[in-house]
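> Sequence and predicted structure are below.
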Amino acid sequence: MYDCIIVGSSVAGISAAINLKIRKKDFLLLGNKDFSPKVQKAELIQNYVGMPDISGCELSGALKEHLEKMKIEITEARVNSIMSLGDYFMLSAGSDVYESKTIILATGVEFSKKIEGEDTFLGRGVSYCATCDGMFYRGKTIAVVGSSKEAEKELWYLAELANTVYYFPLYKAEETAVKQENITIVSERPVKLSGKERVTEIEDKTGKIWNIDGVFFLKDALAPSALLNGLENDGMHIVVDRNMRTNIPGCFACGDCTGRPYQYMKAAGEGNIAAHSVVDFLTN
Ligand SMILES: Cc1cc2nc3c(=O)[nH]c(=O)nc-3n(C[C@H](O)[C@H](O)[C@H](O)COP(=O)(O)OP(=O)(O)OC[C@H]3O[C@@H](n4cnc5c(N)ncnc54)[C@H](O)[C@@H]3O)c2cc1C
C-alpha cells in the first residue's frame, strides 16, 4: 500500500511528486513518460518563473532532468477507475490494480465535447478504455475517436483485435502515424451515434454514416465523475478548497483539472500544495 498515488504526470503531478519525494513519502506517479501534449505543443512559454521564453520541448527536457536528478520514475498507466474504500483507495489501470492511503488527481482537463448519443450508449457500445473493453471487439468493426496523438498507442492495440477500425483523429490527420491496413482514417469530425439496443452507427460532419459494432473515445482526460464516483465536480472541474482537498477525505486534486486559469505555474503551485496536504493528512 502506497502513502500516495499521483494520477497524471505533467506539471501538476510532477510538482506533487517532487514535494512528496522531499518529504520521503512512498508514492507512485502514474501517467505518461512523455508528460503531456500540452507541454510538448507549447511554442513559446513566457510566464514560467525563472525560465523566460522557453519552448514546450525545452520545458519537457527540464522536467525530465529534474525527475532524473530526484530519482522519480513515471509508471506508464492509464487509470480508468478509482474506488474510495473508506481508509484507502483502489485504482484500476487496465489489468493492474494499485492501493494507496491517499490520491492526488492531476489529470488535466479534456476540451473535446461529448457527441450526441455518447452518454446514451455508454456501456452499450461506447467505451473509454481500450484495455478494459478491447477484447469484446475481436474480429468486429469499431470506430476510435482520438483526442490527441497520445491515443494512438491504444489505437494500435485495438487494431490488433478488431477486423476494421475507422479512426477519427480530433487533431490534424496528417500528424497521425497510422499505417495498419485495417485502419481507415476519417478526417471529418464525428457528430452523432445511433442505434437501438446498442450503438450501430457513427455519423460524421458531412452526414456520412459508418456502420460499427462499438466506439472507443480515447480522451486525454476522463471527466472527474467517470474516474471516481461521488467526487464533487462542476461537470468539467473537480471542486477543491485552498488546500487542494476534495469532498472525499484523502483525495486531493491539482492543476487544470481543478479549474481555470489553465496555466503551468498554477498547476505547479497546486501540485506543491496538494503534496503538503497529503503529508498533513498522513500525519493526522
Ligand atoms: C498549445 C498550448 C500552449 C500553452 N501555453 C501555455 C503557456 O505559455 N503558459 C502557461 O502557463 N500555460 C500554457 N498552456 C496551458 C498548460 O499547458 C496547462 O495549464 C498545463 O499543462 C496543465 O498541467 P496539468 O499537469 O494540470 O495537466 P496536463 O498538462 O493536461 O497533464 C495531465 C496529465 O494527466 C495524465 N492523465 C490524464 N488522465 C489520466 C488517467 N486517467 N490516468 C493516468 N494519467 C492520466 C495525462 O497523460 C497527462 O500526463 C498551454 C497549453 C497548450 C495546449
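Done, it's in.
> Can you tell me which residues in the stretch 151-284 of the chain are near the ligand?
220-222, 255-256, 262-265, 267 (C-beta under 6 Å from any ligand atom). Where you see a C-beta, it was placed from the backbone N, CA and C, and this is true even at glycine.
> again, only this time at 8 Å
Contact residues, the stretch 151-284 of the chain versus the ligand (C-beta under 8 Å from any ligand atom): 220-222, 227, 254-257, 261-267, 270-271.
> Tell me which residues of stretch 235-248 come out buried.
Under the neighbour-count criterion of 16 or more other C-beta atoms under 10 Å, stretch 235-248 has 237-238, 240, 244-246, 248 buried.
> got the residue ranges for the strands in the stretch 151-284 of the chain?
Here the stretch 151-284 of the chain has its strands, by DSSP state E, counting those that start in this stretch, at 164-169, 183-185, 190-195, 199-204, 209-211, 214-218, 251-253.
> who does Ile238 bridge with?
Applying DSSP bridges to Ile238 gives these bridge partners: Asn233.
> That one against Glu232, yeah?
Yes. Counting by C-beta atoms under 8 Å, Ile238 touches Glu232, with 7.3 Å between them.
> Then Ile18 would be within a helix, right?
Yes. Counting by DSSP: H, G, I helix; E, B strand; the rest coil, Ile18 is part of a helix.
> That one and Met70 touch, don't they?
Yes. Using C-beta under 8 Å, Ile18 is in contact with Met70, at 6.1 Å.
> which of those two has more neighbours?
Ile18 (21 against 12; other C-beta atoms under 10 Å).
> residue contacts, that one?
Residues counted as contacts of Ile18 (C-beta atoms under 8 Å, 6 or more residues apart in numbering) are 66, 70, 72, 275.
> Report the buried members of the residues you listed.
Judged by 16+ other C-beta under 10 Å, buried ones among these: 72, 275.
> For the longest helix along the chain, buried residues please.
Assignment by DSSP state H gives helix 264-283 as the longest helix of the chain. Under the neighbour-count criterion of 16+ other C-beta under 10 Å, helix 264-283 has 264, 266-279, 281 buried.
> same thing with stretch 108-121?
108-110, 115, 117-118, 121.
> Of the residues you listed, which are in range of the ligand?
Checking those against the ligand by C-beta under 8 Å from any ligand atom, the ones in range are 108-109.
> centroid residue for the chain?
For the chain, Ala221 is the residue whose C-alpha lies nearest the centre (C-alpha atoms, centre = their mean; 3.2 Å).
> Let me see the domain layout of the protein.
By the assignment in automatic domain parsing, the chain contains the domains 2-110+221-283, 126-218.
> Identify the residue of the stretch 1-150 of the chain closest to the ligand, quick one.
Residue nearest to the ligand within the stretch 1-150 of the chain (C-beta to the nearest ligand atom): Gly108, separated by 2.3 Å.
> So that residue belongs to a helix, correct?
No. Counting by three-state DSSP, Gly108 is not part of a helix but coil.
> residue contacts, it?
Shown in contact with Gly108 (C-beta under 8 Å, 6+ apart): 8, 10, 12, 36, 38, 220-221, 255-257.
> and if we set it to 10 Å?
Residues in contact with Gly108 (C-beta atoms under 10 Å, 6 or more residues apart in numbering) are 8, 10-13, 31, 36-38, 220-221, 255-257, 262, 267.
> Out of the residues you listed, which sit inside helices?
Per DSSP H, those map to helices at 11-13, 37-38, 267.
> can you redo those residues as TSV with pLDDT and distance to Thr141?
Converted to TSV, those look like this (pLDDT from 0 to 100; distance: C-beta to C-beta, whole Å):
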residue	pLDDT	distance to Thr141
Val11	97	39
Ala12	98	38
Gly13	98	36
Pro37	79	28
Lys38	83	32
Ala267	97	39
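> out of the residues you listed, who's nearest Thr176?
Pro37 (13.5 Å; C-beta to C-beta).
> What is the neighbour count of that closest one?
Pro37 has 18 nearby residues by other C-beta under 10 Å.
> Leaving out sequence neighbours, find the closest residue to it.
Computed as C-beta to C-beta, 6 or more residues apart in numbering, the closest residue to Pro37 that is not its neighbour in sequence is Ser148, at 4.6 Å.
> Isn't Phe252 up against Arg242?
No. Applying C-beta atoms under 10 Å as the test, Phe252 and Arg242 come out as separate, 11.7 Å apart.
> Find residues that contact each of those two.
In contact with both Phe252 and Arg242: 270, 273, 277, using C-beta under 10 Å, 6+ apart.
> I'm done for today, thanks for sticking with me.
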